[in-house]
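[1] Provided below are the primary sequence and the corresponding predicted coordinates.
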Amino acid sequence: MNLKQLKYFLMIVEEGQITAAAKKLHIAQPPLSYQLRMLEEELGVQLMKRGSRNITLTPAGKLLKERAEQIFSLTTSTTRELELYKKGNAGTLAIGTISSSSTIIPDASIAKFAELYPNIQFDIHEGNSYEVIEMLDKGIIDVGIVRTPFRKSGLTVRYAKTEPIVAVFPMGEVIGKIKI
């Protein structure tokens, strides 16, 4: 069974007769009848009863019609999805990040990216700066978020906004000569 046979079968069902289906497919009626007969022989079941004016689906024919429609629907959606992949609008973006990057991931730009490209999924990997760069080198991730300093050779680097670093202590503690 192949897609061409299923297409022919569905056209016969849609038109209700082999002759009308042949006209719509721009082929002669005998080759279309032959393809239907070959499909029935391959499957080992009768798919339709042929009347003088129209065809009637058998239970096996009804099942094949349903499955063929599903197959063509899946084929169409798969083709669309693959077009998205080809254009770079679908797939997985692997991001490596350090645990202290919570102000960077997630943020408004990631949310906007996800809105613009709903067929892109995110795969987040966590590690220290050196582990993230190693994941980049090995091709495990596409983008890494690290803290400075790090080896910059062989990398395209964009700096994120600076973050304040704050130290916190329990009240009443003495740090050096200062009582907090």
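    Right, received. Where do you want to start? Numbers count the residues shown, from 1 in each chain.
[2] quick one: low-confidence parts of the chain?
    Confidence mapping of the chain against pLDDT under 70 gives the ranges 101-106, 177-180.
[3] any idea which helix is longest in it?
    Criterion DSSP state H: the longest helix present in the chain is helix 59-87.
[4] Could you check the angle the helix or strand that that helix is followed by makes with helix 59-87?
    Using DSSP states H and E, the helix or strand that follows helix 59-87 towards the C-terminus is strand 91-97. For strand 91-97 against helix 59-87, the angle by axes from the mean of the first three to the mean of the last three Cα atoms, to 10 degrees is 50 degrees.
[5] In PDB, list the C-alpha atoms belonging to the helix or strand following strand 91-97.
    For strand 91-97, the following helix or strand on the C-terminal side (DSSP H and E) is helix 108-116. Taking C-alpha atoms only, helix 108-116 is exported to PDB below (Å, rounded to 0.1, in the frame of the first residue of the first chain):
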ATOM      1  CA  ALA A 108      10.900  39.100  29.200                       C
ATOM      2  CA  SER A 109      13.200  38.400  26.100                       C
ATOM      3  CA  ILE A 110      12.900  34.600  26.500                       C
ATOM      4  CA  ALA A 111       9.100  35.000  26.900                       C
ATOM      5  CA  LYS A 112       9.000  37.200  23.700                       C
ATOM      6  CA  PHE A 113      11.100  34.600  21.900                       C
ATOM      7  CA  ALA A 114       8.800  31.800  22.900                       C
ATOM      8  CA  GLU A 115       5.800  33.900  21.800                       C
ATOM      9  CA  LEU A 116       7.400  34.600  18.400                       C
END
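[6] what about the residue lying closest to residue 146 once chain neighbours are set aside, distance to residue 54?
    Closest residue to residue 146 apart from its sequence neighbours, by Cβ to Cβ, 6 or more residues apart in numbering: residue 129 at 3.8 Å. Where C-beta positions appear, they are placed from N, C-alpha and C, glycine not excepted. With distances taken as Cβ to Cβ, to the nearest Å, residue 129 is found 72 Å from residue 54.
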